[in-house]
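Visitor: Requesting a structural model of the entry that follows:
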Amino acid sequence: MKRRHFIKNASLTSVGLAVGSTLVGCAEKTSEEKKATAATSSTHSKVTLPLVIATWHVIDATAKAMEVLQAGGNALDAVEQGCMVEEANEKGQSVGKGGLPDRDGNVTLDACIMDKHGNCGSVVYLQNITHAVSVARKVMEDTPHVMLAGEGAKQFAISKGFDPEDLLTEASKEAWEKWKVEAKYKPIINIENHDTIGMLAIDKNGDISGACTTSGLAYKMGGRVGDSPIIGSGLFVDNEIGACVATGLGEEVVKTVGSFLVVELMRQGKSPQEACEEAISRIVNKPNSNYKDFQVGYIAVNKKGETGSYSIHQWFSMTKFQNGVNEQIQSDYFNKA
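Guide: Now for the predicted structure:
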């Protein structure tokens, strides 16, 4: 089935996890911390930086990001170039060129990026520009703003040398035409396979950056924006603590400011895995939550290089590139009933 299709009766599938718990050396440790590290290292193999993780099965994207890091690039360059791989992947039909359109047939893109200093940039409802994540970086670096939207974002991108092009491919147009026959809006859980690419990286210096880019829900109302371009919801980075990115039904992530919540839970001492699980519990335990009808997944990394992922339903996955291994890891999940 095509990604992001909306039908009247959604059959449940779900998300899944695998926790990559790893240990890397930290600078300026206390003597007690050094002893704890030494004790841990005696039973676990030491992991070296750099590290890349991303939502869903995107090994080409994580490979590109790692290539940048291995060549001496920083985490910000890595997440941008990694996300660009999926934005240019027309067959993906979920990010960038070839993304499935809104109900009116317009491909609209949302993206954000955040660096080690807490600087961030975002674009929403961007049309006719493939690499939304790169435009978001230009917003961060070349303007006094955090977010640009719609036609303003498009004109800014063109002024920075981005070439406009039609993002609606024949395959996506055909899928849209078929959808219009019944025009149902309810999403099937996980049908997107990856509705968004969110990526986090730690470079050799131990600095963290993140990025997120999407074409949003297929056949959405014109103008709809989800969590992906919203700092604190779709993405949050705190270089002293760690970072998180979200995927799934963006409206539910926004309601709990999910990625910020995960990072704050790590600040309080939780592992990335524990923090992702708690953030999902905030969604499913809300009064009258209809969580059985939608999917949300989180991936996170802390300053030590420990990783975690968790989702509401099965079949969510994280791609992780560390210690020379680029692998897809199925996430653990809440709804095991």
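Visitor: show me the contacts for residue 278.
Guide: Taking CB atoms under 8 Å, 6 or more residues apart in numbering, we find residue 278 in contact with 261, 262, 265, 270. For glycine as for every other residue, the C-beta is placed from the backbone atoms N, C-alpha and C.
Visitor: Could I get the phi/psi values of residue 155?
Guide: For residue 155, the backbone dihedrals (degrees, to the nearest 10) come out as phi -70, psi -40.
Visitor: what's the neighbour count on it?
Guide: 12 (other CB atoms under 10 Å).
Visitor: Just the pLDDT for it.
Guide: Looking at residue 155, its pLDDT reads 98.
Visitor: show me where the stretch 201-337 of the chain has strands.
Guide: Remark: strands assigned in the stretch 201-337 of the chain by DSSP state E, counting those that start in this stretch are 208-214, 235-238, 242-248, 296-302, 307-311, 317-322, 325-330, 332-333.
Visitor: ok, now the stretch 1-150 of the chain?
Guide: 51-55, 109-114, 120-126, 147-149.
Visitor: what angle do the first one and strand 325-330 make?
Guide: Think strand 51-55. Between strand 51-55 and strand 325-330, the angle comes out at 30 degrees (axes from the mean of the first three to the mean of the last three CA atoms, to 10 degrees).
Visitor: What mean pLDDT does strand 51-55 get?
Guide: 98.
Visitor: For that strand, name the packing helices and strands.
Guide: helix 59-70, helix 75-87, strand 196-202, strand 296-302, strand 307-311, strand 317-322 (3 or more CB pairs under 8 Å, 6 or more residues apart in numbering; DSSP states H and E).
Visitor: picking up where we left off before, including mean neighbour count and distance to residue 334, could the strands of the stretch 1-150 of the chain go into CSV?
Guide: As requested, the strands of the stretch 1-150 of the chain are arranged in CSV below (neighbours: other CB atoms under 10 Å; distance: least, CB to CB, whole Å):
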stretch, mean neighbour count, distance to residue 334
strand 51-55, 29, 17
strand 109-114, 32, 26
strand 120-126, 27, 29
strand 147-149, 20, 31
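Visitor: Let me have the ones you listed in TSV, extended by distance to residue 78.
Guide: What follows is the strands of the stretch 1-150 of the chain, written out as TSV (distance: least, CB to CB, whole Å):
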stretch	distance to residue 78
strand 51-55	7
strand 109-114	11
strand 120-126	16
strand 147-149	23
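Visitor: Residue 237: which of these is closest?
Guide: strand 109-114 (4.3 Å; CB to CB).
Visitor: ok, that closest one: who's next to it in the sheet?
Guide: Looking at strand 109-114 with DSSP bridges, its partner strands are strand 120-126 (antiparallel), strand 208-214 (antiparallel).
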